[in-house]
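**Q** this one's structure only:
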C-alpha cells in the first residue's frame with residue numbers, strides 16, 4: 001500500500017520539468033518572477049515542487065526556500081500576513097548581523113497592520129476598493145478607476161484612519177519604533193533593501209494547495225505576492241489548477257467582466273504568472289512505468305529503490321521514446337534482485353495498465369488510490385483462498401468509478417445468473433464487433449416480435465426427440481420473449497459510447513463468473529435492488545430512462561412509461577428511487593425528477609421521497625433542475641423548505657437561487 005503524499009523521489013519522469021523550473025529560478029535577471037505550475041488535481045504538482053526545492057538546494061548558489069501552504073492558515077490567520085511572516089522568518093535565518101535582524105523584526109511588526117487594513121477595513125469598502133487592488137496588480141486591469149475612487153466614502157476613510165491609528169499604537173514599542181513605513185510601496189522598498197543586504201541569491205517562495213482555498217484566499221495570496229513581495233531577489237512558484245483558480249477569481253470579482261461577458265479570471269492569472277509550466281497527463285507508457293515502480297517499491301529497501309530510480313532515469317535519458325519500466329527492463333537493472341514475487345507483481349501491474357490508463361486519465365493520485373483499492377481487495381480475497389485476477393478486478397473498478405449506475409446494472413445481471421452473465425456476454429459481443437446488435441425494439445415487445453418468439457419456440461420444440469416430453473408451448477413462448485428482453489437490454493447498454501469503450505478494454509469478461517468479484521464491492525452495490533426484481537421489459541425501460549444521456553431519447557422513454565399501467569409505472573419509479581437513494585448525485589436522481597415532472601400523479605411521490613433521501617452530496621447542478629421539473633407538484637413547497645434548511649454546505653449553497661427556480 002502507498003501513502004497519498006507528495007514525494008521527492010521522481011517516479012513520474014518530471015526531470016525535464018524540474019530542469020525548466022530550476023533554470024528560470026536561478027536566472028537572476030528574471031527576478032522578481034512568478035512561475036505557475038499548472039496541472040489538474042492529483043497530477044503531481046506537489047511532488048514537482050518538492051523535487052525542485054531539493055534540487056535548488058543542490059545548486060551552486062545560495063537560495064532561501066520558503067515552503068508555504070495557504071490552505072493551512074485559511075481558518076486561523078490572515079493569509080497575507082502568514083505568507084509575509086513566513087518569508088521574513090526565512091530571511092532572519094540568513095541575517096548577517098543584529099542590525100539587519102532588527103530591520104527584519106520591524107518589518108514583521110508592521111504585518112498585523114497590513115492584515116487588518118486589507119482585511120476588516122476592506123469588508124466595508126470592498127466593492128469600491130476591488131478596482132484599486134486590480135490596478136495595483138496591473139494597471140491594464142483597472143475598471144473605471146475614477147468611479148472606484150468616488151466609491152470610497154468619507155465613512156470608509158474614517159474607518160481606515162481609525163484602523164491605522166490603532167495599528168500604530170498596537171505595534172509601537174521601544175523595540176519596534178514606528179517608522180515611516182506607512183504604505184505598501186514603502187514596505188516593499190524596505191524589504192528590497194533588507195534582501196539586498198542578505199548573503200543570498202534569492203528568496204524563492206513555493207506555494208502549494210492554493211486551489212484548495214476559498215476565493216478570497218486565492219486573491220489574497222496573489223495580491224500579497226504582487227503588492228508586498230514583488231521585489232528584486234525574489235521568485236515565487238505557485239502550483240495551481242488553472243480552472244479552479246480562474247473560477248475563484250471570477251467569483252471574487254463577479255462585477256468585472258470583459259465585453260464578451262467572460263470573467264477576468266483568465267486574464268488575471270495571465271498577468272500574475274510570467275512563466276507557466278504545465279504538468280501533462282501521463283501517457284500509457286508513463287502509467288505502466290509509474291504503476292510498476294510503485295509495485296517495485298514494496299520489494300526494495302529505500303536506498304536501493306532510490307538507486308534504481310536514478311539508474312532508470314539515466315538509462316532513459318538518451319532515448320526519445322523510452323520503453324515502459326516492466327519485468328524485462330527490471331531484469332536488466334536489478335539482476336538477481338528480481339525475485340519471483342516481484343516478477344509476479346510486475347506482470348499483473350503491466351496487465352492492468354491499459355484499463356487504468358484509459359479509465360483514470362493518467363492522473364498519478366487517482367492511480368495510486370486505485371492501486372491501493374485493488375491491492376486491499378486482492379489481499380482480502382486471499383485470506384479466504386479466493387483468487388481475483390488483477391486485470392478483471394481493475395476493469396470492474398474503472399466501471400464502478402466512472403459509472404456507478406452502470407456498475408449496479410452489471411451487478412443486477414450477474415446476481416440473477418448462475419454463471420457468466422448472458423447480458424454481459426451479448427453486450428461485449430456487440431461492443432467488440434463480434435456480434436451484430438439486434439434491431440431496436442420498443443420497451444415492450446410488439447405483437448410481431450411475440451409471434452416470432454412463439455414461432456422460434458415451436459421450432460425448438462419440434463427438434464426435441466420424439467420420446468422426450470413435449471415442452472410447454474406457453475413456457476417456451478415466455479422464454480422467447482425473455483430472450484428478446486435480454487438482447488434489448490444488452491444492446492441498449494452496449495450502444496452507449498462510454499460503455500462501448502469500456503467493453504473493448506482488455507480483458508474480455510464474457511466468460512467470467514463475476515460473483516466473487518462483486519463480493520468485494522459490497523459498499524458500492526445494493527444486493528436484491530428493486531431494479532433486479534423488475535421483469536425484462538421494465539428493466540429495459542428503466543435503463544433507457546436512467547442511463548440515456550440524450551435528452552430527447554430519454555424523454556421518449558418517459559413517454560413510453562406513460563403508456564404503461566399504474567402498477568408498472570410505480571414499479572419503475574420505485575426502482576429509480578431506490579437507485580437514487582443509494583447515490584443521490586447520480587443519473588437516477590435526475591430520472592426521478594423527470595418522471596415526477598412528466599407524470600403528474602407521481603410528482604408528489606417523488607417530492608416526498610426526495611425529502612427523506614440522504615442528499616448531502618447534492619449541489620445546485622442537481623437541485624435546480626429537479627425543482628424546475630417538479631414545480632407545481634403537491635409537496636414542492638415542502639421539498640424546497642426541507643432543502644433550504646439543510647445544514648450541509650453543498651445544499652445550503654443553493655438557497656439564494658432557489659427562488660429563481662420557483
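**A** All right, it came through fine. All of these numbers come straight from a predicted model, not from anything done at the bench.

**Q** just to confirm, which helix or strand has residue 638 in it?
**A** Element membership for residue 638, per DSSP states H and E: helix 636-644.

**Q** that helix packs against which elements?
**A** helix 603-611, helix 620-630, helix 658-661 (3 or more C-beta pairs under 8 Å, 6 or more residues apart in numbering; DSSP states H and E). Placement of C-beta: from N, CA and C, glycine included.

**Q** so which of these gets nearest residue 401?
**A** helix 620-630 (19.0 Å; C-beta to C-beta).

**Q** what comes up buried for the helix holding residue 638?
**A** Neighbour-count burial for helix 636-644 flags 636, 639-640, 642-643 (criterion: 16 or more other C-beta atoms under 10 Å).

**Q** columns pLDDT and distance to residue 382 on top of those residues, output as JSON lines?
**A** Shown next, in JSON lines, are the buried residues of helix 636-644 (pLDDT from 0 to 100; distance: C-beta to C-beta, whole Å):
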{"residue": "636", "pLDDT": "89", "distance to residue 382": "52"}
{"residue": "639", "pLDDT": "86", "distance to residue 382": "48"}
{"residue": "640", "pLDDT": "85", "distance to residue 382": "51"}
{"residue": "642", "pLDDT": "80", "distance to residue 382": "46"}
{"residue": "643", "pLDDT": "79", "distance to residue 382": "45"}
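
**Q** residue 272: which of the residues you listed is nearest?
**A** For those, the nearest to residue 272 is residue 643 (37.9 Å; C-beta to C-beta).

**Q** these two touch, right, that closest one and residue 626?
**A** No. Using C-beta atoms under 8 Å, residue 643 makes no contact with residue 626, being 9.2 Å away.

**Q** tally of neighbours for residue 243?
**A** 14 (other C-beta atoms under 10 Å).

**Q** cool, residue 607 as well?
**A** 23.

**Q** for it, what are its contacts?
**A** Residues counted as contacts of residue 607 (C-beta atoms under 8 Å, 6 or more residues apart in numbering) are 596, 630, 633-636, 638-639.

**Q** farthest-apart pair in those, please.
**A** Greatest spatial distance among those (C-beta to C-beta): 596 and 638, at 13.8 Å.

**Q** in terms of pLDDT, where does residue 104 sit?
**A** pLDDT recorded at residue 104 is 91.

**Q** what about it, which helix or strand?
**A** Here residue 104 sits within helix 98-118, counting by DSSP H and E.

**Q** pull the number of nearby residues for residue 621.
**A** 10.

**Q** same deal with the one 10 residues further on?
**A** Look at residue 631: counted by other C-beta under 10 Å, it has 14 neighbours.

**Q** what's the answer for residue 335, then?
**A** So residue 335, with other C-beta under 10 Å, has 8 neighbours.

**Q** picking up where we left off before, residue 397: which of the contacts of residue 607 is nearest?
**A** Using C-beta to C-beta, these come closest to residue 397 at residue 596, 33.2 Å.

**Q** dump the residue contacts of the closest residue in space to the closest one that isn't next to it in sequence.
**A** Of all residues not flanking residue 596 in the chain, residue 606 sits nearest, at 3.2 Å (C-beta to C-beta, 6 or more residues apart in numbering). Counting by C-beta under 8 Å, 6+ apart, residue 606 touches 573, 577, 592-593, 595-596, 630, 633.

**Q** try 10 Å this time
**A** Counting by C-beta atoms under 10 Å, 6 or more residues apart in numbering, residue 606 touches 573, 576-577, 580, 589, 592-597, 599, 626, 629-630, 633, 635-636, 639.

**Q** can you give me how far stretch 357-364 is from the chain middle?
**A** How far stretch 357-364 lies from its chain's middle: 12 Å, per C-alpha atoms, centre = their mean, to the nearest Å.

**Q** so for that stretch, mean pLDDT?
**A** For stretch 357-364, the per-residue pLDDT averages 74.

**Q** buried residues, that stretch. List them.
**A** 357-360, 362-364.

**Q** end to end, how far does that stretch reach?
**A** 10 Å (C-alpha to C-alpha, to the nearest Å).

**Q** and for stretch 36-50?
**A** End residues of stretch 36-50 are separated by 15 Å (C-alpha to C-alpha).

**Q** list the buried residues of that stretch.
**A** Here stretch 36-50 shows 36-40, 42-50 as buried, counting by 16+ other C-beta under 10 Å.

**Q** equivalent analysis for stretch 276-290, please.
**A** Neighbour-count burial for stretch 276-290 [16+ other C-beta under 10 Å]: 277, 279, 282, 285-290.

**Q** let me see the ranges of the helices in the stretch 151-300 of the chain.
**A** Under the criterion DSSP state H, counting those that start in this stretch, the stretch 151-300 of the chain contains helices at 154-171, 184-196, 215-227, 242-252, 265-272, 284-297.

**Q** quick one: buried residues of the shortest one?
**A** Applying a neighbour-count criterion of 16+ other C-beta under 10 Å, one finds 265-269, 271-272 buried in helix 265-272.

**Q** sorry, back to before: residue 210: which of the contacts of residue 607 is nearest?
**A** Nearest to residue 210, judged by C-beta to C-beta, of the contacts of residue 607 is residue 639 at 37.4 Å.

**Q** without its sequence neighbours, what residue ends up closest to the closest one?
**A** With C-beta to C-beta, 6+ apart, the residue lying closest to residue 639 is residue 607, at 4.6 Å.

**Q** show the model's pLDDT score for the one you found.
**A** For residue 607, pLDDT reads 91.

**Q** from residue 282, how far out is it?
**A** 45 Å (C-beta to C-beta, to the nearest Å).

**Q** do residue 503 as well
**A** Applying C-beta to C-beta, the value for residue 503 to residue 282 is 24 Å.

**Q** poorly predicted segments of the stretch 501-650 of the chain, please.
**A** Applying pLDDT under 70 to the stretch 501-650 of the chain flags the ranges 526-533, 614-620, 646-650.

**Q** what about the helices in it?
**A** 515-518, 536-547, 551-562, 566-582, 587-598, 603-611, 620-630, 636-644, 649-652.

**Q** go through these and name the closest to residue 111.
**A** Among these, helix 649-652 sits nearest to residue 111 (C-beta to C-beta), with 30.8 Å.

**Q** any idea of the angle the host helix or strand of residue 303 forms with helix 284-297?
**A** Assigned by DSSP H and E, residue 303 belongs to helix 302-316. Angle of helix 302-316 versus helix 284-297, following axes from the mean of the first three to the mean of the last three C-alpha atoms, to 10 degrees, is 160 degrees.

**Q** I'd like to know which elements helix 302-316 is packed against.
**A** helix 284-297, helix 327-334 (3 or more C-beta pairs under 10 Å, 6 or more residues apart in numbering; DSSP states H and E).

**Q** okay, the helices of the stretch 501-650 of the chain in JSON lines with distance to residue 307 next?
**A** Shown next, in JSON lines, are the helices of the stretch 501-650 of the chain (distance: least, C-beta to C-beta, whole Å):
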{"stretch": "helix 515-518", "distance to residue 307": "38"}
{"stretch": "helix 536-547", "distance to residue 307": "50"}
{"stretch": "helix 551-562", "distance to residue 307": "57"}
{"stretch": "helix 566-582", "distance to residue 307": "48"}
{"stretch": "helix 587-598", "distance to residue 307": "49"}
{"stretch": "helix 603-611", "distance to residue 307": "58"}
{"stretch": "helix 620-630", "distance to residue 307": "49"}
{"stretch": "helix 636-644", "distance to residue 307": "57"}
{"stretch": "helix 649-652", "distance to residue 307": "47"}
